[in-house]
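S.K.: the following comprises the amino acid sequence and a computationally predicted model.
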Amino acid sequence: MEDITVHQLKEKMDHQADEIFVLDVREPYEYEEYNIGVTLIPLGQLPERIEELRPYAEKEILIHCRSGKRSDTAKHFLLANGFTKVSNVLGGMLAWEEAFGK
């Protein structure tokens, strides 16, 4: 799957919420500072918590972090572990804040 922009993420969250699963891979302190109300699994915990995502394997999984680097790493990890519908949110929360504010 192609990576998506924050505008595409917002559109999907607004109109296709039942078809997607949004994952935040930032650290808890980053999530506490600002989040968009999605599931948090920090990148470092993803290998040990991957089974938590199996129920969402049929949905499109959209992953974000602060800038897009950790979420890209998470995307490739999930793809390597059998997930097929995974996209990175380009620019992460920095792009989200620039587009939509805090």
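M.R.: In hand now; what should we look at?
S.K.: tell me the centre residue of this structure?
M.R.: Ile63 (1.7 Å; CA atoms, centre = their mean).
S.K.: kindly state the beta-bridge partners for it.
M.R.: Taking DSSP bridges as the rule, Ile63 bridges to Leu23, Asn88.
S.K.: my guess is Gly92 contacts Asp72. True?
M.R.: No. At 9.6 Å, Gly92 does not count as touching Asp72 under the criterion of CB atoms under 8 Å. To be clear about C-beta, it is placed using only N, CA and C from the backbone, and glycine gets the same treatment.
S.K.: so which of these two has more stuff around it?
M.R.: Looking at Gly92 and Asp72 with other CB atoms under 10 Å, you find the greater number of neighbours at Gly92, namely 23 against 18.
S.K.: how about the more buried one, what does it touch?
M.R.: 64-68, 71 (CB atoms under 8 Å, 6 or more residues apart in numbering).
S.K.: mind checking which of the residues you listed land in helices?
M.R.: Using DSSP state H, the subset of these located in helices is Ser71.
S.K.: write the ChimeraX selection for whichever of the contacts of Gly92 are buried.
M.R.: The buried residues among these can be selected in ChimeraX (16 or more other CB atoms under 10 Å) with this line:
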select :64,65,66,68,71
